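Novice: need a structure here:
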Amino acid sequence: MATLAMTVGAITSTKTATNANANAIISGYIEARHGPVGGTPQEKLDWFINDLVGYVREQHALLKRQKAIDLAAVDAYVAAENWT
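Specialist: Numbers count the residues shown, from 1 in each chain. Reported below is the predicted structural model:
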């Protein structure tokens, strides 16, 4: 049985799958992201976890940047329309 788990403080969430399904999904993900398809099982799992964390961080940063851009656009519009 394969388990992906994350604990934040007292809260835990897990996702389980069969080993075969987890290996297939991880291998497909690694191939899609141009990772070490020929690596050992440990190298593949380590790469998968590190890349997954990086992807989540990247998405968070993209959201923060987009929110900042949206706010700056509103500020620029308001400033351009301000006749004072």
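
Novice: any chance you could map the helices in the protein?
Specialist: Assigned by DSSP state H, the helices in the chain fall at 19-32, 41-81.

Novice: most packed of the ones you listed?
Specialist: Comparing those on average neighbours per residue, with mean count of other CB atoms under 10 Å, the densest one is helix 19-32 at a mean of 14. Where C-beta positions appear, they are placed from N, C-alpha and C, glycine not excepted.

Novice: what is the mean pLDDT for that helix?
Specialist: Mean pLDDT, helix 19-32: 97.

Novice: CA atoms of it as PDB?
Specialist: Taking Å, rounded to 0.1, in the frame of the first residue of the first chain, the C-alpha atoms of helix 19-32 are listed here in PDB:
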ATOM      1  CA  ASN A  19       1.800   0.200  -5.000                       C
ATOM      2  CA  ALA A  20       1.200  -0.600  -8.700                       C
ATOM      3  CA  ASN A  21      -1.000   2.400  -9.200                       C
ATOM      4  CA  ALA A  22       1.300   4.700  -7.200                       C
ATOM      5  CA  ASN A  23       4.400   3.600  -9.200                       C
ATOM      6  CA  ALA A  24       2.500   4.100 -12.500                       C
ATOM      7  CA  ILE A  25       1.400   7.600 -11.500                       C
ATOM      8  CA  ILE A  26       4.800   8.600 -10.200                       C
ATOM      9  CA  SER A  27       6.600   7.200 -13.200                       C
ATOM     10  CA  GLY A  28       4.200   9.000 -15.500                       C
ATOM     11  CA  TYR A  29       4.600  12.300 -13.600                       C
ATOM     12  CA  ILE A  30       8.400  12.000 -13.700                       C
ATOM     13  CA  GLU A  31       8.400  11.300 -17.400                       C
ATOM     14  CA  ALA A  32       6.000  14.300 -18.000                       C
END
